[in-house]
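# give me the fold of what follows.
(one chain, ligands or ions: 1)
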Amino acid sequence: MGREFPLIPRRVAQVSTTHRRIVTPIPVPESIPRLERLRRHEPASMGGQPPVIWHEGDGFTIRDPYGNQWIDFSAGVLVASMGYGHPRVVEAMRQQLATGLYHTYCFANQARIELVETIAALAPPPLEKVFLLSTGSEATECAMKLAFTYAIRNGHRGKTHFVTFENAFHGRTLGAQLAGGTPALKDWIPGSHPEFVQVPFPDGFRTPDTSFEVFERSLAKLGVAADSVCGVMTETYQGCNAQMFPVEYAQRLRQWCDRHQALLIFDEIQAAFGRTGTMFGFQHLGVSPDLITCGKGISGGMPLSAVVGRREVMDLYGPGQMTSTHTANPICCAATLANLRALADEDAVGNAARLGPILAQACASMRGAANGRIGQAASIGLVAALQFVVPGTTTPDHDTAWEVVRKCAESGVMLFAPVGVGGGAIKINPPLIISREALLEGLDVVADAVREFCTS
Ligand SMILES: Cc1ncc(COP(=O)(O)O)c(C=O)c1O
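Residues are numbered from 1 along each chain as shown. Here you go, the predicted model:
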């Protein structure tokens with residue numbers, strides 16, 4: 001379990017720059033009774049983030065009600081790609097609300113019509129059909145269902161295995177956790193589920209050998225015949241470590257899937273819509289998946305996710321057979337449409353590509369200055385992860401990662417709590433519209449915190 005941030009105010013240095021302002025102890029003494037109300041009425045699992053009450057958002061900054069302001073390096077959790085309070089998103093939601101329709105079930109609404117057209121136009125062939133859902137986990141479940149169904153409908157009843165990767169994260173529902181690659185997250189699931197298998201993720205750190213041979217060797221070791229696999233799913237970059245899937249591995253995996261009639265699925269819930277500096281993360285890899293799952297940054301904030309895929313796979317279920325109560329909610333669709341249009345018009349993807357090298361360079365410097373306590377610093381576009389470890393090992397060091405997050409929050413840079421293997425990684429993923437100058441300012445704050453806690 002991650003470490004909770006104590007509700008005890010700490011005197012911290014006052015900060016006043018164009019983008020950051022810290023004028024109170026953190027957590028703010030007046031906020032504590034309010035935060036305690038949450039702790040009283042919510043499950044403990046909802047704790048764990050720095051104890052700040054988010055009150056207002058504006059572009060890449062967030063403010064509490066007490067005069068403090070942060071540069072946001074979290075984008076919520078890689079969601080607010082166009083930042084907070086984007087006027088086009090706000091206006092789109094306002095206009096949709098004015099129609100009185102904030103729910104339409106599967107009845108058509110105009111925002112949905114334009115949204116599926118827009119997503120289909122953005123996705124390269126053969127991805128041409130779009131199924132809208134609400135959460136990333138739902139999209140994961142749907143993609144897996146389609147993979148199993150595709151095998152059955154094509155007469156391959158022996159294709160009972162679904163392959164994913166160690167340390168992968170695909171969501172918290174039952175199927176998504178079975179596909180996940182962290183054993184501790186699924187130790188609550190009774191029974192064995194040999195149909196879900198994980199192979200090492202080629203991250204070049206905990207799995208130094210990034211060659212495709214590891215995939216085939218691992219399946220063989222697990223006793224999984226290639227022809228029994230209905231689908232292979234991977235994050236385009238692994239969320240817990242920001243490590244991209246290697247190009248050659250991806251290309252050989254595509255060939256392998258073709259040879260064995262398995263669907264190749266990219267979980268693009270973090271990567272899609274610009275995070276990696278291309279519209280979709282898999283565009284770095286030179287392969288075409290059969291399905292992708294999208295969520296998070298697609299909408300910029302409203303709960304909307306999507307499965308996008310090949311026509312023959314997406315049409316496996318007939319009318320009324322693959323739906324969801326909140327599919328294509330009109331306010332979520334209107335917000336998402338406005339978000340995607342703003343993303344294109346403001347070249348947010350280009351901004352992520354242009355700022356990516358700055359983020360990468362800063363993370364490499366932090367690793368260099370960390371006395372071996374950052375084992376890996378991976379980054380692509382505007383997402384990076386610093387893996388804190390016990391020096392000389394790959395053993396995660398949650399405590400140091402946690403201190404860095406705390407110190408950043410106290411200094412006006414918002415990061416979410418450490419994630420990944422043993423809670424040892426901090427992620428840096430600001431809104432895609434962050435300015436160069438604010439990115440540099442925030443990175444200096446993180447670097448100072450790293451120096452402070454990695455002195456020896
Ligand atoms: C790569 C990836 N897939 C799936 C999910 C699940 O998305 P959600 O939390 O919206 O269900 C997440 C969430 O963090 C994710 O990062």
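
# contacts made by stretch 14-29 with the rest, please.
Outside stretch 14-29, the residues that touch it by C-beta atoms under 8 Å, 6 or more residues apart in numbering are 5, 7-13, 35, 51-53, 60-61, 64, 66-71, 409-413, 438, 441-442, 445. The way it works is simple: take the backbone N, C-alpha and C, and place the C-beta from them, glycine included.

# quick one, what contacts Arg310?
Counting by C-beta under 8 Å, 6+ apart, Arg310 makes contact with Pro126, Leu127, Glu128, Lys129, Asp290, Leu291.

# quick check: closest non-adjacent residue to the residue in the stretch 101-250 of the chain that the ligand sits nearest to.
Ranked by C-beta to the nearest ligand atom, the top residue of the stretch 101-250 of the chain for proximity to the ligand is Gly136, at 2.2 Å. Once flanking residues are discounted, Gly136 sits nearest to Gly295: 3.5 Å by C-beta to C-beta, 6 or more residues apart in numbering.

# same question for Thr336.
Excluding its sequence neighbours, the residue lying closest to Thr336 (C-beta to C-beta, 6+ apart) is Ser299, at 4.1 Å.

# isn't the one you found right next to Ala334, touching?
No. Checked against C-beta atoms under 8 Å, the pair Ser299 and Ala334 is beyond contact range at 9.9 Å.

# ok so, going back, how many residues are close by the residue nearest to Thr336?
For Ser299, the neighbour count with other C-beta atoms under 10 Å is 29.

# give the contact list for it.
Val79, Cys332, Ala335, Thr336, Asn339.

# so which of these is the closest to Arg39?
When the contacts of Ser299 are ranked by distance to Arg39 (C-beta to C-beta), Val79 comes first, at 23.8 Å.

# residues near the closest one, how many?
Val79 has 19 neighbours, counted by other C-beta under 10 Å.

# check contacts around it.
When contacts are counted by C-beta under 8 Å, 6+ apart, Val79 touches Lys296, Gly297, Ser299, Gly300, Gly301.

# what subset of the residues you listed is buried?
Buried members of the contacts of Val79, counted by 16 or more other C-beta atoms under 10 Å: Lys296, Gly297, Ser299, Gly300, Gly301.

# if I look at Gln394, how far off is Leu174?
Wrong residue type there; residue 394 is Thr, not Gln. Between Thr394 and Leu174 the computed distance is 29 Å (C-beta to C-beta, to the nearest Å).

# buried ones from the contacts of stretch 14-29, can you make that a PyMOL selection?
Burial among these is assessed by 16+ other C-beta under 10 Å; the matching PyMOL selection reads:
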select buried, resi 5+9+12+35+51+52+53+60+61+64+66+68+69+70+71+409+410+411+412+413+438+441+442+445
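
# next step: the contacts of stretch 14-29 restricted to helices.
Among the contacts of stretch 14-29, DSSP state H puts Leu35, Ala409, Glu410, Ala438, Glu441, Gly442, Val445 in helices.

# format those as TSV; extra columns: pLDDT and distance to the ligand.
Formatted as TSV, the ones in helices among the contacts of stretch 14-29 follow (pLDDT from 0 to 100; distance: C-beta to the nearest ligand atom, whole Å):
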residue	pLDDT	distance to the ligand
Leu35	97	23
Ala409	98	20
Glu410	98	25
Ala438	98	24
Glu441	98	27
Gly442	98	22
Val445	98	24
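
# and those, which is closest to His170?
Scanning the ones in helices among the contacts of stretch 14-29 for proximity to His170, where the rule is C-beta to C-beta, the winner is Ala409, at 28.2 Å.

# quick one: average pLDDT of whichever helix in the chain runs longest?
Counting by DSSP H, the longest helix found in the chain is helix 348-368. Averaging pLDDT along helix 348-368 gives 98.

# can you give me the buried ones in that helix?
For helix 348-368, by 16+ other C-beta under 10 Å, it's 348-349, 351-353, 355-356, 359-360, 362-363, 366-367.

# check stretch 30-44 too.
Residues of stretch 30-44 classed as buried: Ser31, Leu35 (neighbour count, 16+ other C-beta under 10 Å).

# so how far is it off the chain centroid?
Put simply, stretch 30-44 sits 26 Å off its chain's centre (C-alpha atoms, centre = their mean, to the nearest Å).

# same question for stretch 69-88.
Centre-to-centre, stretch 69-88 and its host chain are 14 Å apart (C-alpha atoms, centre = their mean).

# start and end of it, how far apart?
23 Å (C-alpha to C-alpha, to the nearest Å).

# what pLDDT, on average, does that stretch get?
For stretch 69-88, mean pLDDT is 98.

# circling back: for the buried residues of helix 348-368, which one is nearest the ligand?
For the buried residues of helix 348-368, the nearest to the ligand is Ala352 (17.0 Å; C-beta to the nearest ligand atom).

# surely that closest one meets Leu432?
Yes. Contact criterion C-beta under 8 Å: Ala352 and Leu432 qualify, at 4.8 Å.

# next up, the contacts around the residue most central in space within the chain.
Most central in the chain under C-alpha atoms, centre = their mean is Gln270, positioned 3.1 Å from the mean C-alpha point. The neighbours of Gln270, taking C-beta under 8 Å, 6+ apart as the test, are Leu78, Glu235, Thr236, Tyr237, Gly239, Gly281, Lys296, Gly297, Val383.
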